[in-house]
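this is a predicted model, with the sequence first.
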Amino acid sequence: MTIQGIHHITLVCADAQRTVDFYTRVLGLCLIKKTVNFDDPGSYHLYFGDEVGRPGSVVTFFEWPGAPPGHPGIGGTHHLALAVADRDGLLQWKRRLTDQGIAVDGPLDRHYFESIYFRDPDGTILEIATRGPGWAIDEAPDRLGTEHRDPPPEMLVANRDAARIAAETWPEPVPTIGEGMALAHGMHHITAISADIERMHEFLSGLLGLRRVKMTSNFDDPGSAHWYWGVGDGRPGTLITYFGRDAAREGRVRMGAGQTHHYALAVPDEATQREWRERLVGAGLRVSPVMDRVYFKSIYTNDPEGHIVELATAGPGFTIDEAPDELGRHLKLPPWLEQHRAEIERALKPITA
């Protein structure tokens, strides 16, 4: 009974068309499904990912038209990171984004990877991170996450050299997304916020069976914790990380545009999902019934801070109702909503990709 990694993350946007334009035209992700929120069919649910929406590549959005901005905090997500192959790809992304008028922080050395940070149109903090050098740079592979590792002091000093960092970029314009910078690797990690990092470890490792692969400090706030959990050796695409924050200084998350509604972990099949549900119920957690999301089956629970966590099956996948070359081109509805298609379409503002 195993977790396979990240399945998807679902965020809130205020304008579906603006979100489609940014994630497809700027970031080069594929719009793989245009559907509605099954629990609120008068609003869009948009899915972006690789060409077929493999688990771990999928970023989805509920459209809440005109929603006020949210704000990160305890019980919510701080940012999500997409993976790029290497430093060259990272610098190419910096040049591409800055040339389009998007403010970029970095590249910053995170010891285990390098990354840049920017925001989408709703204010969601996005990171693009390299896939290496990895967790074994300062711990043996069989000892990952067993001892606290402080970031190297010289690296912290280098990350404060604002002039040098601002000058580091790709020397030429990047009008198109080349193979070396494509975000086809999917997500690198998701970072949330906790006021009790030890309790979060009990949930993620003790209950869900994820492996803690690094105990370190928040490199931008060295007095606070930053712990990473993943599958196996903690490969990108399996990583959930939490900042440990002081509840006396950090407020609760404020839900709204730019904030995460939930993140989902992947399980292989429905039988495994049922086993997980029994385990979560046995641990005294609130757990939803199995929900049919057409492209996967889902159950929902909460982490110790109240953040919604979903366990979703790996299949049947997004090609169950559209051919691969048609993904995202048509409004798809679950069978039980087809009889209301005309009413639903009247309520939705048309979008194009």
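Perfect, I can see it now. Numbering: from 1, shown residues only.

quick check: phi and psi on Ser24?
Quick fix: residue 24 reads Thr, not Ser. Main-chain torsions, Thr24, degrees, to the nearest 10: phi -90, psi -50.

which parts of the lowest-mean-pLDDT helix or strand in the chain are buried?
For the chain, using mean pLDDT, DSSP states H and E, the weakest element among its helices and strands is helix 153-158, scoring a mean of 90. Going by neighbour count (16 or more other Cβ atoms under 10 Å), the buried part of helix 153-158 is Leu156. Glycine gets a C-beta too; all of them are placed from N, C-alpha and C.

with just CA atoms, put that helix into CSV.
Output of helix 153-158 as CSV, limited to C-alpha atoms (Å, rounded to 0.1, in the frame of the first residue of the first chain):
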residue,chain,number,x,y,z
PRO,A,153,27.1,29.7,5.3
GLU,A,154,28.8,30.7,2.1
MET,A,155,25.7,29.8,0.1
LEU,A,156,23.5,32.0,2.3
VAL,A,157,26.0,34.8,1.8
ALA,A,158,25.9,34.3,-2.0
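
can you list contacts of that helix?
If you take Cβ atoms under 8 Å, 6 or more residues apart in numbering as the criterion, helix 153-158 is touched by 109, 111, 164, 219, 222.

state the next helix or strand along the chain beyond it.
helix 162-167 (DSSP states H and E).

partners of the next helix or strand after that next one, with directions?
Sequence-wise, the next helix or strand downstream of helix 162-167 (DSSP H and E) is strand 187-194. Each strand paired with strand 187-194, and its direction, by DSSP bridges: strand 77-84 (antiparallel), strand 239-244 (parallel).

what lies in contact with the longest one?
It stands for strand 77-84. Applying Cβ under 8 Å, 6+ apart, the contact partners of strand 77-84 are 9, 11, 27, 59, 72, 90, 93, 115, 117, 124-131, 181, 183, 185-193, 236-237, 243, 253, 259-260, 263, 307.

run the last query once more with 6 Å
Residues external to strand 77-84 that are found in contact with it (Cβ atoms under 6 Å, 6 or more residues apart in numbering): 9, 72, 90, 125, 127-129, 131, 181, 183, 185, 187-193, 236, 243, 260.

go on, stretch 300-311?
74-75, 192, 194, 199, 203, 262, 264-265, 267, 273, 276, 280, 285, 287-288, 298-299.

just the ones of those residues in strands?
192, 194, 262, 264-265, 267, 298-299 (DSSP state E).

just send these back as TSV, with distance to Ala347, pLDDT and neighbour count too.
Formatted as TSV, the ones in strands among the contacts of stretch 300-311 follow (distance: Cβ to Cβ, whole Å; pLDDT from 0 to 100; neighbours: other Cβ atoms under 10 Å):
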residue	distance to Ala347	pLDDT	neighbour count
Ala192	32	98	24
Ser194	38	98	25
His262	24	98	19
Ala264	26	98	24
Leu265	32	98	23
Val267	33	98	26
Ser298	24	98	21
Ile299	29	98	22
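
ok, of these, which one's closest to Thr176?
Thr176 has its nearest neighbour among the ones in strands among the contacts of stretch 300-311 in Ala264, at 31.3 Å by Cβ to Cβ.

for the closest one, give the beta-bridge partners.
His8, Glu310.

ditto for Lys297
Beta-bridge partners, per DSSP bridges, of Lys297: Asp292.

I figured it hits Thr313, correct?
Yes - assessed by Cβ atoms under 6 Å, Lys297 is found in contact with Thr313 at 4.7 Å.

the two: who's more crowded?
A direct count of neighbours by other Cβ atoms under 10 Å for Lys297 and Thr313 places Thr313 higher, at 24 against 19.

spit out the contact partners of that one.
267, 269-270, 273, 296-297.

where does Pro107 land in three-state SS?
What DSSP: H, G, I helix; E, B strand; the rest coil gives for Pro107 is strand.

out of the strands paired with strand 187-194, which is closest to Thr169?
The nearest among the strands paired with strand 187-194, by Cβ to Cβ, is strand 77-84 at 14.5 Å.

pull that closest one out as PDB, backbone CA atoms only.
This file holds the C-alpha atoms of strand 77-84, laid out as PDB (Å, rounded to 0.1, in the frame of the first residue of the first chain):
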ATOM      1  CA  THR A  77       0.300  26.100   0.500                       C
ATOM      2  CA  HIS A  78       3.200  28.500   0.100                       C
ATOM      3  CA  HIS A  79       4.200  27.700  -3.500                       C
ATOM      4  CA  LEU A  80       4.500  25.000  -6.100                       C
ATOM      5  CA  ALA A  81       7.700  24.200  -8.100                       C
ATOM      6  CA  LEU A  82       8.000  22.900 -11.600                       C
ATOM      7  CA  ALA A  83      11.000  20.900 -12.700                       C
ATOM      8  CA  VAL A  84      13.500  21.800 -15.400                       C
END
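
thanks a lot, see you next time.
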